[in-house]
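Asks: Everything below, folded, please.
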Amino acid sequence: MQFLERTTAVLLPGSGSDADFVLRAFAPLTRLCARTVAVDATPPSVVAGYRAALTAAASDGPLLACGVSLGSAVAAGWALENADADITLVLTLPPWSGAAGPEVPASMSARVTAETVDEVGATEAIARMRAGSPPWLARELSRSWAAHGEFLAPALREAAAFVAPTEAEFGRLAARTVVIGAEGDLIHPVAVAQAWGAAIPGATTTIVDLADLGPAPEVLGRAGLAAITAGC
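Replies: Predicted coordinates:
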């Protein structure tokens, strides 16, 4: 793992999530890196903030970009546009390819949540989410949604409308890439992870179990580390 020792890890959460989650999720990888930048969603644009963090870190040398959902799509798009960058991608829980249609679960979930926040306010939206979610997810989202404050609904709407790379575009991605899906995750179907992995040249695709990931987010980092180690 020598190449990671001089690498900056940039961690990009999913929509509605936060830096706290990705720091725990990717700890098995980041502890091997020289520096870690975990990016929270900030106004006026989540995507612009993620891209700016990648660009800034790239000026210091090699990158390890670890994304969750929207973060994965942004990282992959940035790598396609910066083909000369020395970057390793760990793309987890991919949301969709290309533009998200109305039936895409991750986009629909973000859009409906934004509408709920607009209608009843963040406090009531969090209460409704807690009532219908597994305990681990309720804990994670209660913290991160509250931290977003008034930016929660705009951030979710931006995520819902994001245009990810298409599978054809993924065919031009030259970065070292690990794609990780979670069996049992209905918002981020395993089929999307498998499609990304099949489209990206040389990518390694790994599937974990949502039942393991929920209470122990570092499952993502361990799966990414195992795949990177096997490929080095």
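
Asks: For this structure, just list every one of the helices.
Replies: Assigned helices in the chain, in chain order: 19-25, 27-30, 46-58, 70-81, 105-120, 122-131, 135-148, 152-160, 167-170, 190-199, 210-213, 219-231 (criterion: DSSP state H).

Asks: how about the ones you listed in CSV, adding mean neighbour count?
Replies: C-beta: built from backbone N, CA, C; applies to glycine. CSV is the format used below for those (neighbours: other C-beta atoms under 10 Å):
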stretch, mean neighbour count
helix 19-25, 20
helix 27-30, 22
helix 46-58, 19
helix 70-81, 24
helix 105-120, 18
helix 122-131, 14
helix 135-148, 16
helix 152-160, 23
helix 167-170, 16
helix 190-199, 19
helix 210-213, 17
helix 219-231, 19
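
Asks: any chance of these in CSV, plus mean pLDDT?
Replies: As requested, those are arranged in CSV below (pLDDT from 0 to 100):
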stretch, mean pLDDT
helix 19-25, 98
helix 27-30, 97
helix 46-58, 97
helix 70-81, 98
helix 105-120, 97
helix 122-131, 95
helix 135-148, 95
helix 152-160, 97
helix 167-170, 98
helix 190-199, 98
helix 210-213, 95
helix 219-231, 94
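
Asks: Any chance of TSV for these, columns distance to residue 5?
Replies: Shown next, in TSV, are those (distance: least, C-beta to C-beta, whole Å):
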stretch	distance to residue 5
helix 19-25	19
helix 27-30	12
helix 46-58	16
helix 70-81	21
helix 105-120	34
helix 122-131	40
helix 135-148	30
helix 152-160	33
helix 167-170	29
helix 190-199	27
helix 210-213	27
helix 219-231	13
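
Asks: Quick check: which of the ones you listed is nearest to residue 88?
Replies: Nearest of those to residue 88, taken as C-beta to C-beta: helix 219-231 at 6.8 Å.

Asks: now the closest one, how far from the chain's geometric center?
Replies: Counting by C-alpha atoms, centre = their mean, to the nearest Å, helix 219-231 is centred 16 Å from the centre of its parent chain.

Asks: can I get the CA coordinates of it in PDB?
Replies: Below are the C-alpha coordinates for helix 219-231, written out as PDB (Å, rounded to 0.1, in the frame of the first residue of the first chain):
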ATOM      1  CA  VAL A 219     -17.500  -2.200   6.100                       C
ATOM      2  CA  LEU A 220     -17.200   0.100   3.000                       C
ATOM      3  CA  GLY A 221     -13.600   1.000   3.800                       C
ATOM      4  CA  ARG A 222     -12.600  -2.600   4.500                       C
ATOM      5  CA  ALA A 223     -14.100  -3.700   1.200                       C
ATOM      6  CA  GLY A 224     -12.300  -0.900  -0.600                       C
ATOM      7  CA  LEU A 225      -9.000  -1.700   1.100                       C
ATOM      8  CA  ALA A 226      -9.200  -5.400   0.200                       C
ATOM      9  CA  ALA A 227      -9.900  -4.600  -3.400                       C
ATOM     10  CA  ILE A 228      -7.100  -2.100  -3.700                       C
ATOM     11  CA  THR A 229      -4.700  -4.400  -2.000                       C
ATOM     12  CA  ALA A 230      -5.600  -7.300  -4.300                       C
ATOM     13  CA  GLY A 231      -5.000  -5.000  -7.300                       C
END
